[in-house]
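Colleague: only geometry, no sequence info:
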């Protein structure tokens, strides 16, 4: 695990050195992973209660779009890490 962290740090340092983007280190950016979509009538939304299931237009094994500030940035897949959901980036847009 430490080897991966070291490689990541070296890669990050190389990118910063090449592009000189060190001034952007503290910039916060909204990242959104879209798991799926659906359309519901407002009356159906009002009827929702705890435990109800909302069906989405994607399957669990489908790729997930990753957006930065509303723009498609990458494609990923849903994974579980330490009992939490995460997205593994598989391709950059």
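Modeller: Alright, I've got the coordinates. For clarity, every value in this text was computed on a predicted model and none was experimentally measured.

Colleague: Quick one: low-confidence residue ranges for the chain.
Modeller: 1-17 (pLDDT under 70).

Colleague: Name the next helix or strand following the lengthiest strand in it along the chain.
Modeller: For the chain, the strand with the greatest residue count under DSSP state E is strand 71-81. Next in sequence after strand 71-81, counting helices and strands by DSSP states H and E, comes strand 84-92.

Colleague: Give me the helices and strands touching that following strand, please.
Modeller: strand 64-68, strand 71-81 (3 or more CB pairs under 8 Å, 6 or more residues apart in numbering; DSSP states H and E). C-beta here means a position set from N, CA and C on the backbone, and glycine is covered the same way.

Colleague: most packed of the ones you listed?
Modeller: Stretch with highest mean neighbour count among the helices and strands packed on strand 84-92: strand 64-68 (a mean of 17; mean count of other CB atoms under 10 Å).

Colleague: At the geometric centre of this structure, which residue sits there?
Modeller: By CA atoms, centre = their mean, the mean C-alpha position of the chain lies nearest to residue 33, the distance being 3.7 Å.

Colleague: Let me know how buried the residue lying closest to it once chain neighbours are set aside is, in neighbour terms.
Modeller: The shortest distance from residue 33 to any non-neighbouring residue, by CB to CB, 6 or more residues apart in numbering, is to residue 87 (4.7 Å). Counted by other CB atoms under 10 Å, the residues lying close to residue 87 total 20.
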